[in-house]
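*Asks:* what shape does this take:
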Amino acid sequence: MADNNRKVRVRFAPSPTGALHIGGVRTALYNYLFARQHGGDFILRIEDTDSQRFVPGAENYIIESLKWCGIHTDEGVEQGGPHAPYRQSERKEIYLQYAKQLVQSGNAYYAFDTAEQLDALRKQAEAEGKTFAYDHTVRRQLQTSLALTQQEVDERIARGDNWVIRFMMPEDEDVQMDDIIRGHIVINTKTLDDKVLYKSADQLPTYHLANIVDDHLMEITHVIRGEEWLPSLPLHYLLYRAFGWQRPEFAHLPLLLKPQGQGKLSKRDGDKFGFPVFPLQWDAPDGSSAMGYRESGYLPEAFINMLALLGWNPGTEQEIFSMDELINAFSLDKVSKSGARFNPDKAKWFNAQYIRMADDQRLAQLVQPIYAQRGISVTIDRAAQAIALIKERATFPVDLVDLTQKLFVRPADYDEKSVAKFWKADNVARLAELRQLLEADSITDPAAAEARVHEWIKSKDYSMGQLMNTLRIAIWGVSQGPSIFHIISFIGKEEALARIDVAAASLGQGA
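*Replies:* Have a look, this model is predicted:
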């Protein structure tokens with residue numbers, strides 16, 4: 001898979017046409033893991049030759065997304081490198097010489113057909129019940145350098161006629177190809193047309209030429225990309241042969257599928273079911289916006305862990321992987337050929353696991369703005385202490401604030417179902433007794449205080465569940481939540497007693 005004589009070099013080469021889909025992030029991740037595992041280089045190249053689809057801000061969005069994910073580039077548009085520039089629009093002068101080289105070697109030709117002429121040919125074919133293809137059956141009958149004299153070609157170019165350079169596909173050849181994920185593939189060239197490689201109108205190459213030239217010049221050893229590029233593989237194989245260049249190894253990744261399993265995961269699916277399909281929030285130039293995993297409260301480690309397992313199976317029961325563990329375990333031959341179904345609930349599960357494992361101080365810093373929005377002034381250290389009590393119950397950072405808010409602000413109201421079930425006259429009377437016990441206790445050690453209170457309740461032959469839930473309503477507002485003695489220890493005995501008094505005044509002596 002990796003040639004020991006060549007340093008592994010891979011690239012992620014997105015087009016800046018909008019937000020980076022999580023399928024693209026997964027492609028970047030698999031390239032990154034492969035490079036790191038083999039001690040190689042990971043390059044970010046921006047393929048912006050399609051000027052009509054270029055979207056301002058998209059390139060910066062791609063760079064920021066990779067940084068948030070912890071996918072670090074060795075060379076690229078931001079830090080440069082020995083093969084700069086890494087933006088294709090800045091490499092325009094490179095491609096024409098290689099396109100002309102293919103013409104000179106007999107592997108490509110000039111075509112001068114106008115858009116109107118080609119459209120007429122398509123309509124004529126449709127009228128005859130056929131599909132027009134620009135291939136070996138028509139290339140010598142049309143306005144091409146194969147049909148024109150050299151003088152006519154030179155004159156047309158000199159007077160400024162628009163032209164393209166097309167690859168001359170072999171007429172009847174089985175192209176033998178190998179893919180790391182999909183195995184051996186054979187395609188006959190009779191099914192392929194003569195793709196455009198370069199256009200004089202905008203003086204830009206098409207994806208096919210720029211991609212091959214840049215991969216060669218940047219010494220790319222492995223091309224790991226989405227399966228949507230699989231139909232282009234025969235042309236790319238033949239281009240490498242035509243240039244006489246060493247070909248990289250190819251691996252075509254499976255699609256990310258909708259939660260239902262049919263069709264490619266799209267933004268529309270996210271909008272419909274309420275989950276992000278982009279790593280970061282995308283604010284488009286037209287004013288529209290799409291939610292991102294970062295803004296939705298996902299930790300980057302959880303997002304990456306989830307994404308790594310969409311299409312790759314480590315062959316074990318392990319599900320939680322750090323980035324270093326992913327680098328050590330990743331293998332392209334364990335990537336599935338079939339599409340991977342996205343599961344929004346599993347994504348939440350991963351986030352909950354990482355919330356539990358995260359450092360409390362880090363989580364406190366993360367949610368500090370949410371506390372501030374709610375008018376709660378709390379130090380990082382104090383917030384971290386609160387988060388430690390409840391983070392086992394949280395899925396997102398906002399849950400941490402929801403679950404700890406009452407540690408800093410007294411309950412504004414009381415859960416009606418809990419009150420109806422437990423706020424009874426006998427329980428309220430016994431709560432008054434318990435209040436006296438708590439007032440006399442230091443409550444510095446939650447476990448010890450809990451043991452003393454439980455022993456007292458047993459000695460009185462009171463119902464443990466009834467009385468403890470009544471106490472919880474008074475202090476927490478609802479009969480469920482973290483350990484009540486950890487709550488009392490956190491808020492302090494005086495605040496706990498005050499909350500009992502406020503509850504008694506608000507709810508009365510019970511039914």
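
*Asks:* and the contacts of the lowest-mean-pLDDT helix or strand in the chain?
*Replies:* Of all the helices and strands that make up the chain, helix 267-273 has the lowest average by mean pLDDT, DSSP states H and E, namely a mean of 87. For helix 267-273, contacts defined as CB atoms under 8 Å, 6 or more residues apart in numbering pick out 19, 21, 258-259, 276-278, 290-291, 342, 344. (Each C-beta comes from the backbone N, C-alpha and C, glycine too.)

*Asks:* list the buried ones in it?
*Replies:* 267, 269-270 (16 or more other CB atoms under 10 Å).

*Asks:* and the residues you listed as CSV, adding distance to E171?
*Replies:* What follows is the buried residues of helix 267-273, written out as CSV (distance: CB to CB, whole Å):
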residue, distance to E171
K267, 42
D269, 43
G270, 46
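
*Asks:* which of those sits closest to D179?
*Replies:* Comparing the buried residues of helix 267-273 against D179 with CB to CB picks out D269 as the nearest, at 27.7 Å.

*Asks:* tally of neighbours for G23?
*Replies:* Close neighbours of G23, defined as other CB atoms under 10 Å, add up to 23.

*Asks:* what's the nearest residue to it if we skip its chain neighbours?
*Replies:* Leaving aside its sequence neighbours, G23 sits nearest to L256 (CB to CB, 6 or more residues apart in numbering; 4.5 Å).

*Asks:* show me what contacts that neighbour?
*Replies:* When contacts are counted by CB under 8 Å, 6+ apart, L256 is found next to 22-23, 26, 264-265, 310-311, 339-340, 342.

*Asks:* neighbour-wise, which one of those residues leads?
*Replies:* Among the contacts of L256, where neighbours are counted by other CB under 10 Å, the top count belongs to I22, at 26 neighbours.

*Asks:* look up how far Y30 lies from that one.
*Replies:* With the distance defined as CB to CB, to the nearest Å, I22 ends up 13 Å from Y30.

*Asks:* ok, L235 next?
*Replies:* 23 Å.

*Asks:* who are the contact partners of L118?
*Replies:* The neighbourhood of L118, defined by CB under 8 Å, 6+ apart, consists of 132, 134.

*Asks:* what's the helix or strand for it?
*Replies:* Mapping L118 onto the secondary structure by DSSP states H and E places it in helix 115-127.

*Asks:* do the same with Y109
*Replies:* Here Y109 sits within strand 108-111, counting by DSSP H and E.

*Asks:* which positions in that strand come out as buried?
*Replies:* Of the residues in strand 108-111, 108-111 count as buried by neighbour count, 16+ other CB under 10 Å.

*Asks:* and R374, what does it touch?
*Replies:* Applying CB under 8 Å, 6+ apart to R374 gives the contacts 401, 405.

*Asks:* the same query, at a cut-off of 10 Å, please.
*Replies:* 401-402, 405, 408-409 (CB atoms under 10 Å, 6 or more residues apart in numbering).

*Asks:* looking at neighbours, which among those is most surrounded?
*Replies:* Taking other CB under 10 Å to define a neighbour, the member of the contacts of R374 with the most is V401, carrying 23 neighbours.

*Asks:* my guess is it contacts K391. True?
*Replies:* No - applying CB atoms under 10 Å as the test, V401 and K391 come out as separate, 11.5 Å apart.

*Asks:* model confidence for the nearest residue to L102 once chain neighbours are set aside, exactly?
*Replies:* Excluding its sequence neighbours, the residue lying closest to L102 (CB to CB, 6+ apart) is A108, at 3.7 Å. As predicted, A108 sits at a pLDDT of 98.

*Asks:* neighbours around Q143, how many?
*Replies:* Burial of Q143 is recorded as 19 neighbouring residues (other CB under 10 Å).

*Asks:* quick check: it touching E116?
*Replies:* No - with contact taken as CB under 10 Å, Q143 and E116 are classed as non-touching, separated by 11.9 Å.

*Asks:* show the subsequent helix or strand relative to the helix or strand where L471 lies.
*Replies:* For L471, the enclosing helix or strand under DSSP H and E is helix 464-476. Secondary structure here is assigned by DSSP H and E; on that basis, the next helix or strand after helix 464-476 toward the C-terminus is helix 484-491.

*Asks:* can you pull out the helices in the stretch 251-400 of the chain?
*Replies:* Counting by DSSP state H, counting those that start in this stretch, one finds helices in the stretch 251-400 of the chain at the ranges 267-273, 300-308, 323-329, 344-357, 360-373, 380-390, 397-408.

*Asks:* I'd like these laid out as JSON lines, including distance to L192.
*Replies:* Below are the helices of the stretch 251-400 of the chain laid out as JSON lines (distance: least, CB to CB, whole Å):
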{"stretch": "helix 267-273", "distance to L192": "32"}
{"stretch": "helix 300-308", "distance to L192": "33"}
{"stretch": "helix 323-329", "distance to L192": "37"}
{"stretch": "helix 344-357", "distance to L192": "39"}
{"stretch": "helix 360-373", "distance to L192": "52"}
{"stretch": "helix 380-390", "distance to L192": "59"}
{"stretch": "helix 397-408", "distance to L192": "51"}
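
*Asks:* quick one: closest of these to N5.
*Replies:* Of all the helices of the stretch 251-400 of the chain, it is helix 323-329 that lies closest to N5, at 22.4 Å by CB to CB.

*Asks:* which of the helices of the stretch 251-400 of the chain sits most buried?
*Replies:* Mean neighbour counts were compared across these using mean count of other CB atoms under 10 Å; the top stretch is helix 300-308, at a mean of 23.

*Asks:* just to revisit the earlier point, which of the buried residues of helix 267-273 lies closest to H208?
*Replies:* Out of these, the member with the shortest distance to H208 (by CB to CB) is K267, at 27.1 Å.

*Asks:* state the distance from that closest one to F303.
*Replies:* 17 Å.

*Asks:* wait, L44 sits on P14?
*Replies:* Yes - using CB under 10 Å, L44 is in contact with P14, at 8.3 Å.

*Asks:* neighbour count winner among the two?
*Replies:* Set side by side, L44 and P14 show unequal neighbour counts under other CB under 10 Å, the larger going to L44 at 26 against 23.

*Asks:* bridged to that one, which residues?
*Replies:* When bridges are taken as DSSP bridges, the partners of L44 come out as F12, G76.

*Asks:* contact partners for it?
*Replies:* Under the contact definition (CB under 10 Å, 6+ apart), the residues listed for L44 are 11-14, 28, 31, 59, 62-63, 66, 71-79, 81, 86-87.

*Asks:* buried among the residues you listed? Make that a PyMOL selection.
*Replies:* The command below creates a PyMOL selection of those among the contacts of L44 that count as buried (16+ other CB under 10 Å):
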select buried, resi 11+12+13+14+28+31+59+62+63+66+71+73+74+75+76+77+81+86+87
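
*Asks:* which ones among the contacts of L44 lie within helices?
*Replies:* The helices, defined by DSSP state H, take in 28, 31, 59, 62-63, 66 from those.

*Asks:* that'll do, ta.
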